[in-house]
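**Student:** Below is the sequence, then the predicted model.
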Amino acid sequence: MKLVTVREGERHSIGIIKDNQVLHLAAIHHLYVSSDHNEVPAFLSDMKIFIEQSDKSLPYTTELVNFYENIEQKGESGYQDAAIPLAEAEILAPLSQPEKIICVGLNYFDHCRETGMEPPASPVIFSKYTNAIIGDKQAIELPVNSKEVDFEAELAIVIGKEAKHISEEDAEDYIFGYTILNDISARDLQFTDGQWIRGKTADTFAPIGPGIVTRDEIRGPHRLDISLTLNGEVMQDSNTSNLIFSIPYIVSFLSQSMTLKPGDVIATGTPPGVGMGRDPKVWLKKGDQLAVTIEKIGTLSNPVMDAEK
């Protein structure tokens, strides 16, 4: 399944992308139970709850999608509100309040070389905060205190259940799915400070989305093409087969120190081609358009603008 969070007026709702449409699960739920007054399960309105209750939410979502496909095949009328064209949907960040956004730095050999850093002996870990989260089509804001803002296309893991002290062999069982994260970075702040937090977690510095693809649809997460374009020009073009530390290793490694919770997001590092590694260097500017594409997941697109002073 490709799950998204969509805005319906003042409410948020969970949707499924299918055949260039977004199926509104709450609307289909009302059709399914034949009552507008039937209470919508909480997991159909909040992605974090959906993930926490995936033992119930995933089977029920399958029921709803099958039901909708059956009535659609019969050509029954009156169900137009249950699906809208993908191009018309207002898709938000799939998760707005994960407990943790954990990022792995220097996790592609070629990226280490372009930054002039040695490949690490163990994962380099830093974090972002929820103030940095934006969704597809939302604008990245250039901070007033930085002139060297960069881009980093990354495959991100979404944790599905609580994980503590788990083995590498068992790690996959704790993954709910995968999404895209663009690790926007203010390089001047990152390296002036001597640690990375301020340069990594400014407002809007964690575009995520457009959706979460469940684990069952991505059986080979280490064989995915990953690319980033800036104003239509390819800047990053690689494959997750080039990761230094594998996804199971990362999940296990982190779980030895911290309890991972459902909905936690782990960005797995960026391939070569970032702006700071180029000659001349390429920094983001007002009016730029970024697009990150990962095979089987989709494309996360964001414009760039100046932050309001």
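**Tutor:** The structure has been received and is ready for your questions.

**Student:** Which strands or helices does the helix ranked longest in the chain pack on?
**Tutor:** Ordering each helix of the chain by length in residues (DSSP state H) puts helix 54-73 first. Judged by 3 or more Cβ pairs under 8 Å, 6 or more residues apart in numbering; DSSP states H and E, the packing partners of helix 54-73 are strand 11-18, strand 21-24, helix 25-33, helix 47-52. Where C-beta positions appear, they are placed from N, C-alpha and C, glycine not excepted.

**Student:** and if we set it to 10 Å?
**Tutor:** Here helix 54-73 touches strand 2-8, strand 11-18, strand 21-24, helix 25-33, helix 47-52, strand 175-182, strand 206-214, going by 3 or more Cβ pairs under 10 Å, 6 or more residues apart in numbering; DSSP states H and E.

**Student:** Can you show me the CA trace of the third one as PDB?
**Tutor:** What that stands for is strand 21-24. Extracted in PDB, the C-alpha atoms of strand 21-24 (Å, rounded to 0.1, in the frame of the first residue of the first chain):
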ATOM      1  CA  GLN A  21      -6.400   8.500  -7.500                       C
ATOM      2  CA  VAL A  22      -6.500   9.000  -3.700                       C
ATOM      3  CA  LEU A  23      -9.000   6.800  -2.000                       C
ATOM      4  CA  HIS A  24     -10.300   8.500   1.100                       C
END
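
**Student:** circling back: check the offset of the longest helix of the chain from the chain's centre.
**Tutor:** Relative to its chain's centre, helix 54-73 lies at 24 Å (Cα atoms, centre = their mean, to the nearest Å).

**Student:** Which positions within the helix or strand that that helix is followed by qualify as buried?
**Tutor:** Remark: after helix 54-73, the chain's next helix or strand is strand 83-85, criterion DSSP states H and E. With burial defined by 16 or more other Cβ atoms under 10 Å, the residues of strand 83-85 counted as buried are A83, I84.

**Student:** Which strands border the next helix or strand after strand 83-85, and is each parallel or antiparallel?
**Tutor:** Remark: after strand 83-85, the chain's next helix or strand is strand 91-92, criterion DSSP H and E. Looking at strand 91-92 with DSSP bridges, its partner strands are strand 2-8 (antiparallel).

**Student:** in the strand it pairs with, what's buried?
**Tutor:** Under the neighbour-count criterion of 16+ other Cβ under 10 Å, strand 2-8 has K2, L3, V4, T5, V6, E8 buried.

**Student:** any idea which of these is closest to R219?
**Tutor:** Closest approach to R219 among those (Cβ to Cβ): K2, at 15.2 Å.

**Student:** Let me know whether M305 touches V149 as I believe.
**Tutor:** No - counting by Cβ atoms under 10 Å, M305 does not reach V149; the two are 11.4 Å apart.

**Student:** So these two - more neighbours on which side?
**Tutor:** Taking neighbours as other Cβ atoms under 10 Å, M305 and V149 compare with V149 leading, 24 against 15.

**Student:** Surely the more buried one is in contact with L284?
**Tutor:** Yes - between V149 and L284 there is a contact under Cβ under 10 Å: 4.5 Å.

**Student:** Give me the common contacts of those two.
**Tutor:** Counting by Cβ atoms under 10 Å, 6 or more residues apart in numbering, the residues touching both V149 and L284 are I140, L142, I184, S185, A186, G275, V304.

**Student:** Lowest-confidence entry in the buried residues of strand 2-8?
**Tutor:** Ranked by pLDDT, the buried residues of strand 2-8 bottom out at E8, which scores 76.

**Student:** Bridge partners for the residue nearest to that residue when sequence neighbours are not counted, pull those for me.
**Tutor:** Of all residues not flanking E8 in the chain, H24 sits nearest, at 7.0 Å (Cβ to Cβ, 6 or more residues apart in numbering). Going by DSSP bridges, H24 is paired in beta bridges with G15.

**Student:** Could you measure from H24 over to M276?
**Tutor:** 42 Å (Cβ to Cβ, to the nearest Å).

**Student:** Give me the more crowded residue out of these two.
**Tutor:** Higher neighbour count among H24 and M276: H24, with 23 against 19, using other Cβ under 10 Å.

**Student:** Quick check: that one touching A83?
**Tutor:** Yes - taking contacts as Cβ under 10 Å, H24 lies within contact range of A83: 7.0 Å.

**Student:** shared neighbours, the two?
**Tutor:** Residues touching both H24 and A83 comprise G15, I16, Y68, A89, with contact defined as Cβ under 10 Å, 6+ apart.

**Student:** domains in this structure, as residue ranges please.
**Tutor:** 2-91, 95-306 (automatic domain parsing).
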